[in-house]
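Asker: quick one: sequence and predicted model below, then my questions.
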Amino acid sequence: MKFQGIAIAFITTLEDGRMVSMTVDELVAFMVELEWDYRNNRRIERHINQARFCYKANIEHLDFETDRNLDKNQIMRFADCNFIDKSETIIITGSTGIGKNYVASAIGNQACILDYKVLYANTTKLFANRKMSKADGSYIKEIARIEKQDLLILDDFGI
C-alpha cells in the first residue's frame, strides 16, 4: 500500500520513545498526519523537478531592499497564483543581471507548492526542440505536454 510516511513515523516514534506516552488514537493520528505530509512533500518535489527551474528560488528569499525596483506588494500578489486561474500573463522586464529569472523561478516554485503544473523553458531551446520534434514526428506529443501545464515560464523571450 506504499505507506512510506507511516513507516518512517513508526520507526522514529520507536527510536525517540514517544510511542510510550501516546495513546493508540494519538499514535494513529500522528502516523496519518506524517503520511499526509510525506505525500504532500513528494508531490511538491515532483512538480518542482518536472518544471526544470534554473534556480532554486523561493518567494521568501527575494531581496526587496536593493535597487532592483521590485514591488513587494505586487510580488506577493503574484505569489497567491490567482493570475494562473485568470489566465493572465506576467512579463518581467529589466536590465541584465537584476534577477528576472530568479523572480520568475520563485513565482514558479510557489505555483508548484500550490499544486500547479509548471514548465520553465529557455525560449531559444524550446523553439529549437519544437523544430526537431517536427522532424522526428513527436511534435504533437510535445505540444500536448506543454498544453497540460498550468504555468509556462519563458526565459529570454525577447532575445
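Answerer: Received the coordinates, thanks. Numbering: from 1, shown residues only.
Asker: so, low pLDDT: which residues of the chain?
Answerer: For the chain, the stretches with pLDDT under 70 are 1, 66, 158-159.
Asker: the residue of the chain most remote from its centre in helix, strand or coil?
Answerer: What lies farthest from the middle of the chain is Val20; by CA atoms, centre = their mean that is 38.4 Å. Secondary structure for Val20, judged by DSSP: H, G, I helix; E, B strand; the rest coil, is helix.
Asker: any idea how far Ser133 is from it?
Answerer: Distance from Val20 to Ser133, counting by CB to CB, to the nearest Å: 59 Å. (Each C-beta comes from the backbone N, C-alpha and C, glycine too.)
Asker: and what of Cys81?
Answerer: Taking CB to CB, one finds Cys81 at 29 Å from Ser133.
Asker: looking at those two, which one has more neighbours?
Answerer: Just comparing Cys81 and Ser133: by other CB atoms under 10 Å the higher neighbour count belongs to Cys81, 21 against 15.
Asker: for the chain, which segments are assigned as strands?
Answerer: With DSSP state E as the criterion, the chain has strands at 118-122, 151-155.
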